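Asker: sharing a sequence plus its predicted fold:
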Amino acid sequence: MPGPLSGVRVLDLTAVVSGPYATMFLADQGADVLKIEPIGGDGTRRSRTLIDAAGEFSALFVSCNRGKRSLSIDMKSDAGREVLARLASQADVLVQNFRPGTMERLGLGQKELREKYPRLIYVSISGVGDSGPYVKKRVYDPIVQALSGFADIQSQPVTNRPQMIRTIVCDKTTSVFTAQAVSSALYAREKTGKGDHIQVAMLDTMISYLWPEGMMQYTVVGSEAAAADPNDRPDLVFQTLDGYITAGTISDSEWQGFCKASGDPELAKDERFATPSARFINATARINKMQEYISQRTTAEWLERLDAADVPCAPILRRNEIIGNDQVVARGLIEEFDQPTVGRVRQPKPAAIFEVNKAEIGGPAPRVGEHSRAVLRELGYSDSAIDTMIAGKAVRAVG
């Protein structure tokens, strides 16, 4: 069966991660995603570690652009703008993450296009939104981590020094929010016949994402100072004799299970940890006490004991251990395919599993302009017209 978004045409005018990763989810779910790249290609093709001799692919690019088609054009040229206008007239969804004003200068602003094509779903991704004193600020993931509270929530327990999360959490979370919003807009259009303009800012996304537990003490207006910081405690990383594990003891049964696994009958009698509220109030003492016991046995011993007592637990895997982990292998979470000019590559399969309309990796990431000729033919351009655009460097095509 085709994916749930089969037949949906997505015009992807995004770069870096937040936009391309969002549209990749749509491609996994069956949408025809056409990636518009400049003549030199998306900059992330050369980001960080290159994985092919020709310098066309980075691991980051492949992991954000698999299953798409690529049209490489000079958007500033007359021919390029004409091509984009034709594509926009046929698209169901247009996604862009340019700086404010760029799309308007190209004649592709949301107001102009949505007046012409009322069914179009136009998506604008930004760092901090389209208003406010930071609107002109150049924004990347660490900037949003700093503004949203993520660096603060990672603060070192002793020094209180903020720390960045060592992955581009803001970019990738914004991608998930964006893909979900597109699906909602497509559903609404089925009922009303009208498209929409969706704005997704990284800052808005991350404050929303952090709020449920990370901003717990700011939920009740007027009680901020009296509320304890739920994150002012050690993290749940416990060192064993030969590695690291994590374990959770939120409910009474879980705490009692840990007490049983510890082998110390006196631990269950400690009133500081006897109830959920007591364990929350005395979280630092509880976690430190757990570490005392956990440091006395190996990882395997503790996992066996905790599993037997029905206590949530897991080994803390190093990244090089994830691919071979029993659960990951059993679920078939990592797939392999051939990436042109690179070789065999690994990618995680789509996380949302559809029983009827299957989501799947739609193929490798495209080469720069790999589908330029095919796309232009679909738009009605003759081969001679396409050759003229390529010769004039308004279009780049492979082959």
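Answerer: Structure received.

Asker: what about this structure, any weak spots by pLDDT?
Answerer: In the predicted model, the chain carries pLDDT under 70 at residues 1, 225-232.

Asker: the longest helix in it is where?
Answerer: When every helix of the chain is counted residue by residue (DSSP state H), the longest turns out to be helix 169-192.

Asker: after that one, heading C-terminal, what element do we hit next?
Answerer: Scanning forward in sequence from helix 169-192, with DSSP states H and E defining helices and strands, the next element found is strand 196-201.

Asker: what are the pairing partners of that next one, and which direction each?
Answerer: Strand 196-201 has these partner strands in its sheet, going by DSSP bridges: strand 121-126 (parallel).

Asker: which parts of the longest helix of the chain are buried?
Answerer: For helix 169-192, the buried set under the neighbour-count rule, 16 or more other CB atoms under 10 Å, comprises 169-171, 173-175, 177-179, 181-183, 185-186, 189. No exception for glycine: its C-beta is placed from N, CA and C like everyone else's.

Asker: CA atoms only: put that helix into CSV for me.
Answerer: In CSV, the C-alpha atoms belonging to helix 169-192 read as follows (Å, rounded to 0.1, in the frame of the first residue of the first chain):
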residue,chain,number,x,y,z
VAL,A,169,17.5,19.2,19.7
CYS,A,170,15.8,22.5,18.7
ASP,A,171,16.2,22.0,15.0
LYS,A,172,14.9,18.4,15.1
THR,A,173,12.0,19.0,17.5
THR,A,174,10.9,21.9,15.3
SER,A,175,10.9,19.4,12.4
VAL,A,176,8.5,17.1,14.2
PHE,A,177,6.2,19.9,15.2
THR,A,178,6.2,21.1,11.6
ALA,A,179,5.4,17.7,10.1
GLN,A,180,2.5,17.3,12.5
ALA,A,181,1.2,20.7,11.7
VAL,A,182,1.3,20.0,7.9
SER,A,183,-0.7,16.8,8.5
SER,A,184,-3.3,18.8,10.5
ALA,A,185,-3.5,21.4,7.7
LEU,A,186,-4.0,18.7,5.0
TYR,A,187,-6.8,17.2,7.1
ALA,A,188,-8.5,20.6,7.6
ARG,A,189,-8.2,21.3,3.8
GLU,A,190,-10.1,18.1,3.1
LYS,A,191,-13.0,19.5,5.1
THR,A,192,-12.9,23.2,4.0
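
Asker: numbering from 55 from now on, please.
Answerer: All set: I'll call the first residue 55, so the last point we hit is now helix 223-246.

Asker: angle of that helix against strand 250-255?
Answerer: Interaxial angle, helix 223-246 versus strand 250-255 (axes from the mean of the first three to the mean of the last three CA atoms, to 10 degrees): 170 degrees.

Asker: give me the contacts around helix 223-246.
Answerer: Counting by CB atoms under 8 Å, 6 or more residues apart in numbering, helix 223-246 makes contact with 59, 62, 70-73, 75-80, 146-147, 149, 173, 175, 177, 179, 195, 198-199, 202, 204, 248-250, 252, 254-256, 259-260, 262-263, all of which sit outside it.

Asker: do the same with stretch 148-166
Answerer: Under the criterion CB under 8 Å, 6+ apart, residues 64-70, 72-73, 76-77, 129-130, 135, 138-139, 142, 167, 174-180, 184, 189-190, 192, 232, 236, 251 lie in contact with stretch 148-166.

Asker: which residues of the stretch 155-304 of the chain fall in helices?
Answerer: 156-159, 164-170, 195-202, 204-207, 223-246, 256-268 (DSSP state H, counting those that start in this stretch).

Asker: mind putting the ones you listed in a markdown table, distance to residue 398 included?
Answerer: Written out in a markdown table, the entries for the helices of the stretch 155-304 of the chain read as follows (distance: least, CB to CB, whole Å):
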| stretch | distance to residue 398 |
| --- | --- |
| helix 156-159 | 38 |
| helix 164-170 | 41 |
| helix 195-202 | 29 |
| helix 204-207 | 35 |
| helix 223-246 | 24 |
| helix 256-268 | 33 |
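
Asker: now do the buried residues in stretch 404-420.
Answerer: When burial is assessed from 16+ other CB under 10 Å, stretch 404-420 yields the following buried residues: 404, 413, 414, 415, 416, 418, 419, 420.

Asker: how near is the spatially closest residue to residue 190 that is not a sequence neighbour to residue 129?
Answerer: Excluding the flanking residues, the one nearest residue 190 by CB to CB, 6 or more residues apart in numbering is residue 154, at 7.7 Å. When distance is defined by CB to CB, to the nearest Å, residue 154 is 16 Å away from residue 129.

Asker: these two - which one has more neighbours?
Answerer: Looking at residue 154 and residue 129 with other CB atoms under 10 Å, you find the greater number of neighbours at residue 129, namely 20 against 13.

Asker: wait, that one sits on residue 91?
Answerer: No. The pair formed by residue 129 and residue 91 falls short of the contact definition of CB atoms under 8 Å, at 9.7 Å.

Asker: quick check, the residue nearest to residue 190 in a helix?
Answerer: No. Applying DSSP: H, G, I helix; E, B strand; the rest coil, one finds residue 154 to be coil, outside a helix.

Asker: and it, backbone torsions?
Answerer: Residue 154 adopts backbone torsions of phi -50, psi 140, taken as degrees, to the nearest 10.

Asker: which residues does residue 197 contact?
Answerer: When the contact criterion is CB under 8 Å, 6+ apart, the partners of residue 197 are 181, 191.

Asker: switch the cut-off to 10 Å
Answerer: Contacts for residue 197 were tallied using CB atoms under 10 Å, 6 or more residues apart in numbering; they are 181, 182, 188, 191, 224, 256, 257.

Asker: so the third one versus residue 154, what's the distance?
Answerer: If I follow you right, that is residue 188. 12 Å.

Asker: helix or strand next in line after the helix or strand containing residue 345, which one?
Answerer: Assigning secondary structure by DSSP H and E places residue 345 in helix 337-348. If you walk from helix 337-348 toward the C-terminus, the next helix or strand you reach (DSSP H and E) is helix 353-362.

Asker: chain center to that next one, what's the gap?
Answerer: In terms of CA atoms, centre = their mean, to the nearest Å, the centre of helix 353-362 is found 33 Å from the chain centre.

Asker: in it, what counts as buried?
Answerer: Residues of helix 353-362 classed as buried under the neighbour-count rule (16+ other CB under 10 Å) are 353, 356, 357, 359, 360.
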